[in-house]
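Trainee: The following comprises the amino acid sequence and a computationally predicted model.
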Amino acid sequence: MTAVPRPAGALLLPGAGYTPARPLLHYARAVLEQHGFTVRELWWETPGTFVRFSDAERTAWVERQVVAALAAADDCRLIVGKSLGTLAAGIAADRALPAVWLTPLLRTGAVAGALRRTPARTLLVGGTADPLWDSAVAGELPHETLEFPGADHGLELPGDVVGSAALLQTYVRAFDRFAGGLARPRA
């Protein structure tokens, strides 16, 4: 009997207030499905005391959510995370999983450190008006980087709806190229 290839899986991780229904993750899902991936979305509600958590506690909280999601789906071949979700960069690095990090928290030591050591193909997407993005750190990393001048933490250009839509289109094209270049579904 011949094994039927099953689709590779991808896991979408939200930000603190940026759900998988928002444009960056919505279009990521659509692109991945177009490339034959099965997509699992993680939706979370942070604890009420989350704002008082240390960076280490926030990272541990995110990692617990992601480890549980990965345990439930053994087919994950890609992680896509937005902002808070990028605290899972250490998991991606440890498992050598390709990743797309949207507005990664590059000023957080755990994220920058994980990105420095990950052996897997990685795409970083950020904007120069985002206080959590660090152009210098992004430039030092050996990863594909898409940086938008003037874009904020939502990857939008404040006061410029048409420009923001054009930025979104550029991001979707880059994401499509990245996803299309990953290994095909396995048997």
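Mentor: Done, it's in.
Trainee: residue ranges of the helices in this protein, please?
Mentor: For the chain, the helices defined by DSSP state H cover 23-34, 55-72, 89-94, 109-117, 135-140, 161-180.
Trainee: what's the closest of these to Lys82?
Mentor: helix 23-34 (6.0 Å; Cβ to Cβ). Heads up, the C-betas are built off the backbone N, CA and C, glycines and all.
Trainee: Quick check: the nearest residue to Arg29 once chain neighbours are set aside vs Asp74, distance?
Mentor: Taking Cβ to Cβ, 6 or more residues apart in numbering, and ignoring the residues beside it in sequence, Arg29 has Val39 as its nearest neighbour in space, at 4.9 Å. Per Cβ to Cβ, to the nearest Å, Val39 is found 15 Å from Asp74.
Trainee: With neighbour numbers in mind, choose between the two.
Mentor: A count of neighbours by other Cβ atoms under 10 Å puts Val39 above the other of Val39 and Asp74, at 19 against 7.
Trainee: What's opposite that one in the beta bridge?
Mentor: As for beta bridges, Val39 partners with Ala10 under DSSP bridges.
Trainee: Go ahead and confirm it touches Pro7.
Mentor: No. Using Cβ atoms under 8 Å, Val39 is not in contact with Pro7; the gap is 9.3 Å.
Trainee: any residues in contact with both of the two?
Mentor: Common neighbours of Val39 and Pro7 (criterion: Cβ atoms under 8 Å, 6 or more residues apart in numbering): none identified.
Trainee: which residues does the residue positioned nearest the centre of the chain contact?
Mentor: In the chain, the C-alpha nearest the mean C-alpha coordinate belongs to Gly81, at 2.4 Å (Cα atoms, centre = their mean). Listed by Cβ under 8 Å, 6+ apart, the contact partners of Gly81 are 12-13, 87-89, 99-102, 104.
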